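K.L.:
Sequence plus predicted model, see below.
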Amino acid sequence: MQEAPAPVADSEAPQQLQLALVYGEALTELPLDLYIPPDALEVFLEAFEGPLDLLLYLIRKQNIDILDIPVAEITRQYMSYVELMKSVRLELAAEYLVMAAMLAEIKSRMLLPRSSEVEEEEGDPRAELIRRLQEYERFKAAAEGLDELPRVGREIVVPRLEAPQAKVRKLLPDVSLEEILLSMAQVMRRNDLFESHQITRETLSTRERMSEVLERLKGGGFVPFIELFTAEEGKLGVVVTFMAILELVKESLIELVQNDPFAPIHVRARAE
C-alpha cells in the first residue's frame, strides 16, 4: 500500500492573485457591479494619414509593383479596413469612401470587356491612381528624410552659459596742461564762429515827437524851424520831426511864419 500524501501546510498554499490596490487594500476579485464602457480602450496598430497612405501600405506589405496593381485584391483589402473604420471611428471614413468609390470604378472598368481601339484611346484605368501614389510616395520619403535630420531641441542641445559680470576698471589717461590749453583754444574759436551781434533801431514815435514840439513851443514865442531838429538822431529823427510838424500844422496847433522869401522860417504855437 502506498502512503497517503502528507497534508500541505497553510504557508505553502497558493496565494491569490492581486489585481490592484484600492485605498491601500489589495483587490483580488473583480466587483460584480463593475461596468467597463465598450470604447474604454482603443488600440491603434497602424496610423494612416489618408487614403493614399493606406493604399501605399497595402501595396508595400504584399511587395506589389506599384506599376502593376491588382485592383481587385487591393480593393477588397481596402474595403475591409474602411468597414473597420466605420465601425470604430465613423468621422474618419469620409475621405476614405471617396477613394473606395474611385477603386470600385477602376475595378469595374478593368472587368468590362473593351475593344483594342477603346483600350488604346482610354489607356490604363489605373494610370491616374498610379501617378498619385508615386507622387505621394515621393513626398512621404522626403518628409521622412527631413524628419531624420538632427533637430535642435530633439537630438541637438545647444548649451548656454551666462557670462559672469566682470567689473572692468577704466584707467583714466594722464592729461597735461598744454593739452587742456589747446582744447580751450579750440572751444573759444568755435564760440567765435557762432557769435552774432544784432543791432536794433531805436523806435521813434510821431505822436511823442508832436508832444515834444508842443512842449518846446509852450512859451508862445517864435522858435526857428531848424532848432526843432536834432542832428544826433540822424535822418530818421529829421523825418519823424518833420512829419510831427506837418501833423501839428494840419491839426491847426502850430503855425509857420516867414517874413520874406527864402527867409528863415519860425514856428509858434497857435493861440486858442
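P.N.:
Good, I have the coordinates. Numbering: from 1, shown residues only.

K.L.:
what about the closest residue to Gln18 other than its chain neighbours, how many neighbours?
P.N.:
Take Gln18 and drop its neighbours on the chain: the residue closest to it by C-beta to C-beta, 6 or more residues apart in numbering is Ala26, 4.8 Å away. (C-beta placed from N, C-alpha, C; glycine too.) By other C-beta atoms under 10 Å, 11 other residues sit near Ala26.

K.L.:
what bridges to Ala26?
P.N.:
Per DSSP bridges, the residues bridged to Ala26 are Leu21.

K.L.:
Look up how far Leu19 lies from it.
P.N.:
8 Å (C-beta to C-beta, to the nearest Å).

K.L.:
just checking, Val175 is part of a strand?
P.N.:
No: checked against DSSP: H, G, I helix; E, B strand; the rest coil, Val175 lies outside a strand; its state is coil.

K.L.:
what pLDDT does it get?
P.N.:
Predicted confidence (pLDDT) for Val175: 75.

K.L.:
roughly how far apart are it and Ser183?
P.N.:
9 Å.

K.L.:
mind checking how far stretch 230-240 is from the chain centre?
P.N.:
Computed by C-alpha atoms, centre = their mean, to the nearest Å, the chain-centroid distance of stretch 230-240 equals 72 Å.

K.L.:
for stretch 95-112, same thing?
P.N.:
49 Å.

K.L.:
Can you list the buried residues in it?
P.N.:
For stretch 95-112, a neighbour-count test (16 or more other C-beta atoms under 10 Å) marks Tyr96, Met99, Ala100, Leu103, Ile106, Lys107 as buried.

K.L.:
how many neighbours does Met70 have?
P.N.:
Not Met; residue 70 is Pro. So Pro70, with other C-beta under 10 Å, has 14 neighbours.

K.L.:
so what's the backbone phi/psi at it?
P.N.:
phi -80, psi 100 (degrees, to the nearest 10).

K.L.:
State the distance from it to Arg132.
P.N.:
17 Å.

K.L.:
what do you get for Leu19?
P.N.:
51 Å.
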